[in-house]
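Asker: Any chance you could fold what I've pasted below:
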Amino acid sequence: MQTVEVDIRKLDRALKFAPKILKYELADGMDRISKGFLKRFRQQRLQGYPGVRGASGRGLFGTFRRAFLVSPSIEGMGMMIYTYSKIAKLHEQGGIVKDPKGGRLAVPLSARKQMFTSKGKLRGRYKNPKELKNVKALRLKGKTFLAKITKRTNAVLPLYILKKQVTIKPRLGFYNTWDNLTDYRINILNKSILKALRRI
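Answerer: Now for the predicted structure:
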């Protein structure tokens, strides 16, 4: 749960004279805060390094939702920005990824530029290694790779490395982004209080 500090004297005055007007203005301010936060979150943390890539509406960013806490009292008002995505939680907190069936994970080799778009996103045809033709598992230098084998020249081109598990470092920065916007949130709420006082 996150809280912000506002001008208490102006808040008390608004609470005393116009609670309904204040609730309306605060709700409008919270709407602006949540929209502003998600915009900055997408720009700063979902465009690739140092965060993760997931800016499309259908991708990781599309899993985040906004909700408002409705209450008869001003004190009970609030907002939530949340996701049920396990992938988002993994990128936020870090963790270890394993194949639930006990197999190995095929991790694309970043050196294979042809597998990625200019923005660093894995191309669709490389998302499922099992569907690629002429790809076989090979043991090289103590590691197992999935490699494309050209029949004519018998050339071997490693595309993926097979791993029992992959360690994901915390890099989403959801909470850090929110904490860095403290002044932004306070300013919007204080402006909402002033707008309510002007309407009295």
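Asker: measure Leu172 to Lys89 for me?
Answerer: When distance is defined by C-beta to C-beta, to the nearest Å, Leu172 is 9 Å away from Lys89. For every residue, glycine as well, the C-beta is placed using N, CA and C.
Asker: between those two, which one's more packed in?
Answerer: Taking other C-beta atoms under 10 Å, Leu172 and Lys89 do not tie; Leu172 has more neighbours (23 against 14).
Asker: Settle this for me: that one is touching Arg53, isn't it.
Answerer: No: contact criterion C-beta atoms under 8 Å: Leu172 and Arg53 do not qualify, at 11.1 Å.
Asker: Tell me the bridge partners for Thr144.
Answerer: Arg139 (DSSP bridges).
Asker: can you tell me how far it sits from Ser110?
Answerer: In terms of C-beta to C-beta, Thr144 sits 18 Å off from Ser110.
Asker: swap in Phe116?
Answerer: Phe116 is 8 Å from Ser110, where distance means C-beta to C-beta.
Asker: what helix or strand does Ala137 sit in?
Answerer: strand 135-140 (DSSP states H and E).
Asker: mind checking the SS state of the residue of the chain lying at maximal distance from its centre?
Answerer: Residue farthest from the centre of the chain, counting by C-alpha atoms, centre = their mean, is Arg152 at 44.7 Å. Here Arg152 takes the coil state, with states given by DSSP: H, G, I helix; E, B strand; the rest coil.
Asker: Could you do the one 5 residues further on as well?
Answerer: Here Leu157 is strand, with the state taken from three-state DSSP.
Asker: all numbers from here: first residue = 255
Answerer: Shifting the count to begin at 255 puts that one at Leu411.
Asker: So which of Phe370 and Ser364 has more stuff around it?
Answerer: Using other C-beta under 10 Å as the criterion, Phe370 and Ser364 rank with Phe370 on top: 14 against 9.
Asker: thinking that one is in contact with Arg377, fair?
Answerer: Yes: counting by C-beta under 8 Å, Phe370 does reach Arg377; the two are 6.5 Å apart.
Asker: quick check: longest helix of the protein.
Answerer: What stands out as the longest helix in the chain, according to DSSP state H, is helix 273-299.
Asker: Sheet partners, orientation included, of the helix or strand just after that one?
Answerer: Counting by DSSP H and E, the element after helix 273-299 in chain order, helix or strand, is strand 319-323. As defined by DSSP bridges, the strand partners of strand 319-323 come to strand 332-336 (antiparallel).
Asker: what residues does whichever helix or strand comes after the strand it pairs with touch?
Answerer: Sequence-wise, the next helix or strand downstream of strand 332-336 (DSSP H and E) is helix 340-347. Contacting residues not belonging to helix 340-347 are listed as 306, 314, 317-318, 337, 351, 422, 424-429 [C-beta atoms under 8 Å, 6 or more residues apart in numbering].
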